[in-house]
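>>> Predicted structure and sequence below. I'll ask about it afterward.
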Amino acid sequence: MAEVDEAGAPVASSAQPPSADAPLLRCSDVNISFSQRGSKQRLHAVRNASLEVGPADIVGLVGESGSGKSTLARAIVGLQRIDSGAVEFEGRRLGHTRTAEDRRGIQMIFQDPFGSLDPRMKIRSALAEIIRRHTSLRGKQIDTRCAELMDMVQLPRTILSSRPAGMSGGQRQRVAIARALSINPRLLVADEPVAALDVSVQAGIVNLLSDLRREVGLSILFISHDLSIVRTLCDSVNVIYRGDIVETRPCAELFDDPRSDYTRTLLSAIPRLNGPRTEGLAQGQSLGVRRR
Amino acid sequence: MTVDSTGEPLIVEGLSLALDIGGVQLNALRDVSFSLRPGEARGLVGESGSGKSLTLRAILGLLPPNARITSGRMVVAGQEFDLTRTDRDHRRRIARLRGAQIAMIFQEPGVALNPVVPVGRQIVDAVARRNGLTKRAAREYALHLMELVGIHDAAAKIDAYPFELSGGLKQRVMIAAAVAGEPQLILCDEPTTALDVTVQKQILSLFTHLRDELHASLLYVTHDLAVVAQLCDSVTVLYSGEVMESSDDLRAVFDGAQHPYTEALLHSTPDVDRIEQRLYSIPGSAASLSDRTDGCQFAPRCEYARDDCRTGSIPDTSGTPGRVVRCLHKVGAPADGVPVGGIDG
Ligand SMILES: Nc1ncnc2c1ncn2[C@@H]1O[C@H](COP(=O)(O)OP(=O)(O)OP(=O)(O)O)[C@@H](O)[C@H]1O
Ligand SMILES: Nc1ncnc2c1ncn2[C@@H]1O[C@H](COP(=O)(O)OP(=O)(O)O)[C@@H](O)[C@H]1O
Ligand code: SF4
Ligand SMILES: [Mg+2]
Ligand SMILES: [Mg+2]
């Protein structure tokens, strides 16, 4: 961990670097519940969830639809109140109301990059607005920063003069990443950032995230239902099942030797390019119309 | 080329389609052909915008109003159709195919379900009528189908209206409705893309059962090559509205792609069994409809492209029956008499 720690230094511009062994982000025993329409029982979306992301780490969070991934992610960035437990960032406990400084540290991107971008606004203006709000850069410095961001996300600088409306899904996601990076966060929470993209475009974004970790030491919490991508990108994985984190392991271990039943079920369901063909229905099951 | 049309559940030949976009006619599909044998599952694959959904909709006569089929014929269960026709008689014949001969599953579950009818009834109504099932038998059959598509609390969901169900559940209801009555020809468009892998696995088992035990034929549209590898027997690869590569033998393509686009697509597909430091990404991006040109549509992104790729129409150079490779400089082929080699392992 030590060597990536050093590589991580450039991004941590405004805060003191975390001590060598402290995680950047630590969630401990986080509980989140929602009231349900027509029921007195609350829906427990996240139960006693604990996870950590170290400096320059890429940590996966996987689980089925409705398992609580986005809810936990939203709590980490301060968009969701927690019932109990703690979210700590750089050793500091974060309250529900986040200071500007808190917000600078953790940024989030979503599956649909359109959602976070104003379709009519030129990319340059959208980026400039955030940079002006969160940093002390002004005038020409902002232009320089915008150009630098385009280089970081591997887009041509000419994109700055265009609007999201005419851009491809991959380009929009790169712009969303540039926007998130514009204020130098230490942690990027990425909620299904490649789920809506074609494989080849997906590959480009996954490679970009991996470059950003290597080049500027960005830490990433990567939420995905695609375990093939998680295996490529992440150092460790948290498997969440119905609000419970059931397994946290280094990637290599988890895929070779899953421990929880749910992880095993999940791994055995991944479609494989070179795997055995899908078998038919289980013995005794059939589709037949039951005629009497 | 004429095809012997006896016994093939589906033949599509020379399908070309233009879209009217702001008064300009743009070619969205060009000369798309494939066929299905009884009990065959064919994957129709390609990236977003390659024309998969339009192909399916052309077969079903469910095209958007700005689409016009400029050439093409099809045969469904022995009946011939000139797809360029738009008269009422033709439209009626195609409409009769839907439901009776062809079951369909669409990408957006919302559109195919009736919002004011409980889902259980939507699943079995047609079949129950056809088979004269009693009310009780129909209900039991609906429950059975719902369980087969992985809805565990079927009894609690059978009387629900579509708006009360999540997207994933609606998708499964639609699949249950499509397979009710054991159809012989099923067309599906990304039926499992929105579902969890564990549910997807169950659905793929169901399709496998339909194919292996009931000899149903499936045209399976998806961008997910791993799903195609798990389910299909044959594959057709589309790019920018044209067939790039096609084979009656899926493994021949997956283990030895001859078209540079197929090779690139397979290469960029993440594979949980192949650990890579870096994923492969096809350079450039897919051309929009208005950028389609002469010659090979893939040329601007192709590593093997030469000058001759950019003019005329690219012929099928496969030379193998049951295989199509529309490429002048295919992967692994001898170039200037020197074998490039490597494709057979
Ligand atoms: N604001 C809310 N009010 C009520 N219930 C909610 C709310 N947000 C989430 N939930 C519920 O909490 C559970 C977890 O939802 P969440 O969106 O975190 O799942 P997810 O793991 O991100 O799923 P997906 O893979 O579908 O994105 C679900 O049962 C969901 O319906
Ligand atoms: N009604 C329509 N009007 C204009 N363009 C359309 C329409 N339907 C499809 N297209 C365009 O036709 C091309 C093929 O679309 P489609 O068949 O939906 O692709 P796929 O299903 O492979 O993603 C795309 O460029 C798409 O934008
Ligand atoms: S025809 Fe030429 S450009 Fe097209 S795929 Fe083949 S080599 Fe590439
Ligand atoms: Mg989510
Ligand atoms: Mg489609």
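Structure's in. What do you need? Ligands and ions are numbered 1, 2, ... in the order given.

>>> From here on, just use CA atoms for contacts and neighbour counts.
Will do.

>>> Low-confidence ranges, chain B, go.
Within chain B, the ranges that satisfy pLDDT under 70 run B:1-6, B:109-110, B:333-345.

>>> check contacts around residue 272.
This is for chain A. B:226-227, B:229-230, B:271-273 (Cα atoms under 8 Å, 6 or more residues apart in numbering or on different chains).

>>> Can you look at chain B instead?
Counted by Cα under 8 Å, 6+ apart, B:V272 has contacts A:227-229, A:231, A:270, A:272.

>>> Quick one: the strands in the chain, in order.
In the absence of a named chain, this looks at chain A. For chain A, the strands defined by DSSP state E occupy A:25-35, A:42-53, A:58-62, A:84-89, A:92-93, A:106-109, A:187-191, A:219-224, A:236-241, A:244-250.

>>> look at chain B instead
B:10-21, B:24-36, B:41-45, B:67-76, B:79-82, B:102-105, B:185-189, B:217-222, B:234-239, B:242-247, B:323-325.

>>> Just name the most buried of the ones you listed.
strand B:41-45 (a mean of 28; mean count of other Cα atoms under 10 Å in any protein chain shown).

>>> So which residue is smack in the middle of the chain?
I went with chain A, as the question did not name one. In chain A, the centroid-proximal residue (Cα atoms, centre = their mean) is A:A190; its distance is 2.0 Å.

>>> switch to chain B, that's the one I care about
B:V221 (2.5 Å).

>>> Surely that one and B:G43 touch.
Yes. Under the criterion of Cα atoms under 8 Å, B:V221 makes contact with B:G43 at 5.9 Å.

>>> And the residue nearest to the centre of chain B, how far from B:D189?
Relative to B:D189, B:V221 is positioned 5 Å away (criterion: Cα to Cα, to the nearest Å).

>>> what's the overlap in contacts for those two?
Between them, B:V221 and B:D189 share the contacting residues B:52-53, judged by Cα under 8 Å, 6+ apart.

>>> By proximity to ligand 1, which residue of the stretch 151-300 of chain B wins?
Nearest residue of the stretch 151-300 of chain B to ligand 1: B:D196, at 8.2 Å (Cα to the nearest ligand atom).

>>> List the contacts of the spatially closest residue to A:G66 that is not a sequence neighbour.
Once flanking residues are discounted, A:G66 sits nearest to A:R242: 7.2 Å by Cα to Cα, 6 or more residues apart in numbering or on different chains. A:R242 makes contacts with A:45-46, A:66-68, as judged by Cα under 8 Å, 6+ apart.

>>> And B:R37, its phi and psi?
phi -90, psi 170 (degrees, to the nearest 10).

>>> In this structure it contacts B:P9, no?
Yes. If you go by Cα under 8 Å, B:R37 and B:P9 touch, sitting 6.2 Å apart.

>>> which neighbours do those two share?
With Cα under 8 Å, 6+ apart, B:R37 and B:P9 have common neighbours B:S217.

>>> Looking at the two, which has the bigger crowd around it?
Comparing B:R37 with B:P9 by neighbour count (other Cα atoms under 10 Å in any protein chain shown), the higher total belongs to B:P9, at 24 against 17.

>>> Show me which of the contacts of A:R272 are buried.
Among the contacts of A:R272, those buried by neighbour count (16 or more other Cα atoms under 10 Å in any protein chain shown) are B:226-227, B:229-230, B:271-272.

>>> Just the ones of these in helices?
B:226-227, B:229-230 (DSSP state H).

>>> with the residues you listed in mind, which one is nearest to B:S246?
B:S246 lies nearest to B:A229 out of these, by Cα to Cα, at 14.0 Å.

>>> excluding its backbone neighbours, what's nearest the closest one?
A:L273 (5.5 Å).

>>> I figured B:I203 was touching B:M146, is that so?
No. Counting by Cα under 8 Å, B:I203 does not reach B:M146; the two are 11.1 Å apart.

>>> more neighbours, those two?
The neighbour count for B:I203 versus B:M146, taken as other Cα under 10 Å, is higher for B:M146 (27 against 24).

>>> now the more buried one: how far from B:P183?
B:M146 sits 17 Å away from B:P183, going by Cα to Cα.

>>> who's in contact with the residue of the stretch 151-300 of chain B found nearest ligand 2?
Of all residues in the stretch 151-300 of chain B, B:L289 sits closest to ligand 2, at 5.3 Å by Cα to the nearest ligand atom. B:L289 is in contact with B:26-28, B:240, counting by Cα under 8 Å, 6+ apart.

>>> Ligand 2: which of these is nearest?
Closest to ligand 2, out of all of those and judged by Cα to the nearest ligand atom, is B:A28, at 5.4 Å.

>>> My read is that that closest one contacts B:L19, right?
Yes. Contact criterion Cα under 8 Å: B:A28 and B:L19 qualify, at 6.4 Å.

>>> and A:M108, what are its bridge partners?
A:M108 has the following beta-bridge partners by DSSP bridges: A:V189.

>>> ok now do it, which residues does it touch?
A:77, A:180, A:188-191.

>>> Confidence-wise, which of these comes last?
pLDDT across the contacts of A:M108 is lowest for A:A180, at 93.

>>> ok, back up a step: now the buried ones among the contacts of A:R272 in JSON lines, with distance to ligand 1?
Listed next are these as JSON lines, based on distance: Cα to the nearest ligand atom, whole Å:
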{"residue": "B:A226", "distance to ligand 1": "20"}
{"residue": "B:V227", "distance to ligand 1": "19"}
{"residue": "B:A229", "distance to ligand 1": "24"}
{"residue": "B:Q230", "distance to ligand 1": "23"}
{"residue": "B:D271", "distance to ligand 1": "20"}
{"residue": "B:V272", "distance to ligand 1": "19"}
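
>>> export those to JSON lines and tack on distance to B:D294?
What follows is the buried ones among the contacts of A:R272, written out as JSON lines (distance: Cα to Cα, whole Å):
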{"residue": "B:A226", "distance to B:D294": "32"}
{"residue": "B:V227", "distance to B:D294": "33"}
{"residue": "B:A229", "distance to B:D294": "32"}
{"residue": "B:Q230", "distance to B:D294": "35"}
{"residue": "B:D271", "distance to B:D294": "34"}
{"residue": "B:V272", "distance to B:D294": "38"}
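
>>> in chain A, which ranges drop under the pLDDT threshold?
Residue ranges of chain A with pLDDT under 70: A:1-21, A:289-292.

>>> mind listing the helices for it?
A:2-7, A:69-77, A:100-105, A:123-134, A:140-152, A:169-181, A:199-216, A:227-233, A:251-256, A:261-269.

>>> Ok, the stretch 201-345 of chain B next?
When secondary structure is read from DSSP state H, counting those that start in this stretch, the stretch 201-345 of chain B shows helices at B:225-231, B:250-255, B:260-268.

>>> from the chain's centre, how far out does the longest one sit?
The reference is to helix B:260-268. Relative to its chain's centre, helix B:260-268 lies at 18 Å (Cα atoms, centre = their mean, to the nearest Å).

>>> And the second one, by the same measure?
On the basis of Cα atoms, centre = their mean, helix B:250-255 sits 17 Å off its chain's mean C-alpha point.

>>> Get me the contact residues on the stretch 201-345 of chain B for chain A.
With Cα under 8 Å from any Cα of the partner chain as the criterion, the stretch 201-345 of chain B meets chain A at residues B:201-202, B:204-209, B:212, B:223, B:225-227, B:229-231, B:265, B:268-273, B:275-282.

>>> Need the nearest residue in space to the closest residue to ligand 2 within chain A, chain neighbours excluded.
Closest to ligand 2 within chain A is A:D198: 9.7 Å, counting by Cα to the nearest ligand atom. Closest residue to A:D198 apart from its sequence neighbours, by Cα to Cα, 6+ apart: B:E47 at 5.9 Å.

>>> Report the separation between the one you found and A:R26.
39 Å.

>>> for A:D261, same thing?
26 Å.
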